[in-house]
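Peer 1: Fold the following and give me the result.
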Amino acid sequence: MYRLIRAPFQPLTYSRWLHLCVPVLLVAVWMFIQPAAPWAPALIIAPFGLIPWMRTAEGLQAQFLLTPYDRGSEENAISTVASKRWGDRGRTVLWLEIRLVVAFGAMFATVWLPAFTVELLTTAFGYPIRGDVMLPLVPPRWLAAVLVPLPLMVLFVIVFLLGELVTAIATRLLGPSAAERLSVLEERTEQLLERTRIARELHDTIGHALTVAVVQAGAARAAGDPEFTERALCAIEETGRAALEDLERVLAVLRDSGPRPSQRPTLADADRLLESTRASGARVEAELNGPLESLPGPVTREAYRILQEALTNVLRHCGPVPVRVRVDVTGGRLELEVTNPLPAGREASGGGSGSGLRGMRERAALLGGAADSGPHEGGWRVRARLPLEHIR
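Peer 2: Numbers count the residues shown, from 1 in each chain. All right, here's what the predicted structure looks like:
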């Protein structure tokens, strides 16, 4: 009831009123051509609903006039996509026919009710009504004066109700089909997956670079050796440049413009990663077996990130301790293992709740493999197994 009272003061009421009256223009033109067949426009507009872009035109008009406040938001339930299936074309035809019928009701209310108001005003002021009298009964002057607002009130009620009705019908008939909803959901899912992947890339790349820089700076300050400090600064510089290159590549993906600065690093670039870890003071023993250069792209790229995160965690939580890295390609799968001792006084606990370790498990799971981490022979081990079959 409150919305009904506010309707005459809302711009939405008049935009919907305009939408209701637009089909009347077609009827008015036709009445000049063939007034004896007022039903003909319903037959004329039906074939237009089969044209794919007609759904786009009707959807845009409905968005601008029926739901202008929802236009451009995800809450708008009216689609502007051209018809791709016969079901969409059939719904467009039905929409055009129903819209024309509803327009007839709006037209009669728009024409006759103001005419009643004029006749009531004429009667109230004591003037004779010229021409045919449209009122079913001419009231006395005092009663006519009282009834003057009634036709306009009824008009706004009818316009409001017809506007609500046509908006509900447009939502049903011009709303997205099941296939369109599925397409939107798939697009959103891809966007979320891409954002998650970019977040992992930034976490692994920047996290590794900052960890190496912090460890190198701390070691250089503690050593007090100019030669060691120079090596540490060189290592920080090299790691920082690599991180900037990775950051530029990720930002290029976000901008979605221009060529990518470089390809994502793979296990073929593992030597650079191992040297960066060694430069931080850790003694790294690496055992790389198998044709790493010929591995499938997704496997070698994700394996590099898993190795990077494992080495970063070693430096971050354990410092420059001895690290053993084993990468083995055998039996149709890639096995990666990083083990390190725990510093004195540090217990092997948790390890599975960090975002980096969770990211390793997610990377492996996306390829159909598995990754785990935990205590192993008095130290800590990160292990990943990635299948090589059915990977493109």
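
Peer 1: from what I can see residue 49 touches residue 99, true?
Peer 2: No - with contact defined as C-beta atoms under 8 Å, residue 49 does not reach residue 99; the gap is 10.4 Å. (Each C-beta comes from the backbone N, C-alpha and C, glycine too.)

Peer 1: After the lengthiest helix in the chain, which helix or strand is next? Please name it.
Peer 2: Ranked by residue count, the top helix of the chain under DSSP state H comes out as helix 178-223. Counting by DSSP states H and E, the next helix or strand C-terminal to helix 178-223 is helix 226-255.

Peer 1: what does the very next helix or strand once past that next one contact?
Peer 2: Note on helix 226-255: by DSSP H and E, the next helix or strand toward the C-terminus is helix 270-279. Residues from elsewhere that reach helix 270-279, judged by C-beta atoms under 8 Å, 6 or more residues apart in numbering: 208, 212, 216, 231-232, 234-235, 238-239, 242, 265, 284, 286, 288, 292, 304, 307-308, 311, 314-315, 323, 325, 327.

Peer 1: cool, stretch 328-344 as well?
Peer 2: Applying C-beta under 8 Å, 6+ apart, the set of residues contacting stretch 328-344 is 287, 289-292, 295, 299, 303, 306-307, 310-311, 314, 318-319, 321-327, 348, 369, 376-389.

Peer 1: Name the surrounding residues that touch stretch 382-390.
Peer 2: Defining contact as C-beta under 8 Å, 6+ apart, one finds that stretch 382-390 is touched by 295-296, 299, 302-303, 306, 310, 313, 329, 332-339, 357, 360, 364, 367-373.

Peer 1: Quick one, which of the contacts of helix 270-279 are buried?
Peer 2: Buried members of the contacts of helix 270-279, scored by 16 or more other C-beta atoms under 10 Å, are 208, 212, 216, 231-232, 235, 238-239, 242, 265, 284, 286, 292, 304, 307-308, 311, 314-315, 323, 325, 327.

Peer 1: what about residue 389, how many neighbours?
Peer 2: 8 (other C-beta atoms under 10 Å).

Peer 1: let me fix that: residue 123
Peer 2: Using other C-beta under 10 Å, residue 123 is surrounded by 22 other residues.

Peer 1: tell me the SS of it?
Peer 2: Three-state call for residue 123 (DSSP: H, G, I helix; E, B strand; the rest coil): helix.

Peer 1: Could you find the closest non-adjacent residue to it?
Peer 2: residue 144 (4.0 Å; C-beta to C-beta, 6 or more residues apart in numbering).

Peer 1: Got the confidence number for the one you found?
Peer 2: Per-residue pLDDT puts residue 144 at 87.

Peer 1: element containing it, please.
Peer 2: Assessed by DSSP H and E, residue 144 sits inside helix 141-147.

Peer 1: neighbouring contacts of that helix?
Peer 2: By C-beta under 8 Å, 6+ apart, the residues outside helix 141-147 that reach it are 120, 121, 123, 124, 125, 126, 138, 139.

Peer 1: which other helices and strands contact the longest helix of the chain?
Peer 2: helix 226-255, helix 270-279, helix 297-317, helix 355-366 (3 or more C-beta pairs under 8 Å, 6 or more residues apart in numbering; DSSP states H and E).

Peer 1: so which of those helices is the most packed in?
Peer 2: Most buried of these, by mean neighbour count (mean count of other C-beta atoms under 10 Å): helix 297-317, with a mean of 22.

Peer 1: Report the angle between it and helix 355-366.
Peer 2: 160 degrees (axes from the mean of the first three to the mean of the last three C-alpha atoms, to 10 degrees).

Peer 1: Tell me the helix or strand right after helix 297-317.
Peer 2: Next helix or strand after helix 297-317 toward the C-terminus (DSSP H and E): strand 323-330.

Peer 1: Verify the contact between residue 106 and residue 20 for me.
Peer 2: Yes - counting by C-beta under 8 Å, residue 106 does reach residue 20; the two are 3.8 Å apart.

Peer 1: CA atoms of the helix holding residue 144 as PDB?
Peer 2: Once non-C-alpha atoms are left out, helix 141-147 reads as follows in PDB (Å, rounded to 0.1, in the frame of the first residue of the first chain):
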ATOM      1  CA  ARG A 141     -22.400  19.500  -9.500                       C
ATOM      2  CA  TRP A 142     -21.400  18.900  -5.900                       C
ATOM      3  CA  LEU A 143     -20.900  15.200  -6.500                       C
ATOM      4  CA  ALA A 144     -19.000  15.900  -9.700                       C
ATOM      5  CA  ALA A 145     -16.600  18.200  -7.700                       C
ATOM      6  CA  VAL A 146     -16.000  15.400  -5.100                       C
ATOM      7  CA  LEU A 147     -15.400  12.800  -7.800                       C
END
